[in-house]
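**Q** need a 3D model of the following:
(one chain, ligands or ions: 1)
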Amino acid sequence: MSEQSPSPAANSRPRSSELFARAKQHIPGGVNSPVRAFKGVGGDPVFFQSASGSRLRDVDGNSYIDYVGSWGPMILGHAHPQVLAAVSEAAQNGCSFGAPTEREVRFAELLCRRVPSMDKVRMVSSGTEATMSALRVARGFTGRAKIVKSDGAYHGHADSLLVAAGSGAATLGLPGTAGVTEGATRDTLTVPWNDFAAIDRVFAEHRTASGHSEIAAVIIEPVCGNMGCVPPLPGYLEHLRSLTEQNGTVFIFDEVMTGFRLARGGAQQRFAIRPDLTCLGKIVGGGLPAAAYGGRADIMDKIAPVGPVYQAGTLSGNPLAVAAGHTMLELLDDSSIYDRLELVSTHLCSELRRLCHAQNIPAVINQVGSMFTLFFTDQPVRSYDDAKRSDTGRFARFFHGMLARGVYLPPSQFEAAFLSAAHSDEDIEKTLDAAREVLGTL
Ligand code: HOZ
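**A** Residues are numbered from 1 along each chain as shown. Here you go, the predicted model:
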């Protein structure tokens, strides 16, 4: 694939627009997942043809430096040759057995070595399944019903979690979701992210007559990525850990985005906090549909067929997905990858900050490792309410200016951008050149 970025004038997308019109005839909204429809920024989505390293190529022949990375999995860049080879080798032996394989055993061993809090792990096919199942086992283990999530956090689209949800629900401004019954969300409690007093209050308010907590689980994204990137305040994760421990509540890290991205062992390694259960997705499948949940053996042993909590899946532990994920995690064993990701992301974000400042454009750039978001606001962004106060119209103009200059950012203010190991210094300089021009027009 050519590494040439097209000039703005050349970056038109008639074929994408034609495909979008056709797609809308037979696919709801023309897309298979809502954020992709560009409702958050306006205009027609880009239809892609191929990808390699840090670059995407669309159906009109335009090339883009990619900061979406398939929403997180492509930490090594697109079409990594070793990952492709592993998938094609696995495919020669059959695409799915619906029965155990040696590959799954080796993968489970690797995951339990790599993720600090993981004694046992169960493979599933999507992040939604991982969080839904983790909550079910937390309820089965504790015998309690209530769960707590943060406003603006997104943990997939299971009914009980579509309350004050981030990601696509935030992009479309949907506070709740039609089709989800009151019964399904009755036991879901929400608190503002990073609000110490609010979580204390929820624990104080939900106790039985004998004083026991009614809360089965607290589920969090240790660094929120679905309201844009919003890190935890110092001490917040520690506070949640000790509160859940005191109350016999299962503490769940949804590391679908942060797992193997923020450190070799995920956010829990980076922040040195041990959750009881961890949900994994995205990188764990190496770009194929795979996810997992795991943690303390005494909790995981409640799952069928050992225990009474039922959970199953025909494609769980799929050999192609496991081959891709295993190869990617082996490649990520090299800590120098994380060192460079940190360095390059920090450089990109501090230069973007400098450019905004030079143009007198109020902006906050939140960054943790290779996850970041630019919010057009003059106030710190520490919660979903803060994120919602940023200038989304300006974000949309910035997004389109960058797109026209060959830089593909997440098409929503409420999604994190991701850097990959394949982004070269030249990619970063081109991105900054584009940003300088676009910011000048805002
Ligand atoms: N909800 C995903 C990111 N937070 C995006 C899904 C997609 O469009 O692929």
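
**Q** could I get the phi/psi values of Val230?
**A** Main-chain dihedrals, Val230, degrees, to the nearest 10: phi -130, psi 100.

**Q** give me the neighbour count for whatever residue of the stretch 201-350 of the chain ends up closest to the ligand.
**A** Residue of the stretch 201-350 of the chain nearest the ligand, by Cβ to the nearest ligand atom: Asn226 (5.0 Å). For every residue, glycine as well, the C-beta is placed using N, CA and C. Asn226 has 31 neighbours, counted by other Cβ atoms under 10 Å.

**Q** partner residues bridging it?
**A** Gly228 (DSSP bridges).

**Q** surely it and Gly166 touch.
**A** Yes. Under the criterion of Cβ atoms under 8 Å, Asn226 makes contact with Gly166 at 3.4 Å.

**Q** which ones are touching the residue most central in space within the chain?
**A** In the chain, the centroid-proximal residue (Cα atoms, centre = their mean) is Met257; its distance is 3.2 Å. Applying Cβ atoms under 8 Å, 6 or more residues apart in numbering to Met257 gives the contacts Trp71, Gly72, Glu221, Val223, Gly225, Asn226, Gly281, Lys282, Met371, Ala416.

**Q** from Val68, how far out is the residue nearest to the second one when sequence neighbours are not counted?
**A** Read it as Gly72. Among residues not flanking Gly72 along the chain, Lys282 sits closest, at 4.0 Å (Cβ to Cβ, 6 or more residues apart in numbering). Going from Lys282 to Val68 by Cβ to Cβ, to the nearest Å gives 12 Å.

**Q** next, the closest residue to the ligand within the stretch 301-442 of the chain: phi, psi?
**A** Using Cβ to the nearest ligand atom, the point where the stretch 301-442 of the chain gets nearest to the ligand is Glu415, with a distance of 5.4 Å. As for Glu415, its main-chain torsions (degrees, to the nearest 10) stand at phi -140, psi 140.

**Q** correct me if wrong: it contacts Gly228.
**A** Yes. With contact defined as Cβ under 8 Å, Glu415 reaches Gly228; the gap is 6.7 Å.

**Q** so those two - more neighbours on which side?
**A** Gly228 (30 against 27).

**Q** mind listing what the more buried one touches?
**A** Going by Cβ under 8 Å, 6+ apart, Gly228 touches Asn366, Thr373, Phe375, Val381, Ala387, Ser390, Gln413, Phe414, Glu415, Ala416.

**Q** could you dump the residues you listed to JSON lines with pLDDT and secondary structure?
**A** Formatted as JSON lines, the contacts of Gly228 follow (pLDDT from 0 to 100; DSSP: H, G, I helix; E, B strand; the rest coil):
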{"residue": "Asn366", "pLDDT": "98", "secondary structure": "strand"}
{"residue": "Thr373", "pLDDT": "98", "secondary structure": "strand"}
{"residue": "Phe375", "pLDDT": "98", "secondary structure": "strand"}
{"residue": "Val381", "pLDDT": "98", "secondary structure": "coil"}
{"residue": "Ala387", "pLDDT": "97", "secondary structure": "helix"}
{"residue": "Ser390", "pLDDT": "97", "secondary structure": "coil"}
{"residue": "Gln413", "pLDDT": "96", "secondary structure": "coil"}
{"residue": "Phe414", "pLDDT": "95", "secondary structure": "coil"}
{"residue": "Glu415", "pLDDT": "97", "secondary structure": "coil"}
{"residue": "Ala416", "pLDDT": "98", "secondary structure": "coil"}
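
**Q** shared neighbours of Glu415 and Gly228, anything?
**A** With Cβ under 8 Å, 6+ apart as the test, Glu415 and Gly228 both reach Thr373.
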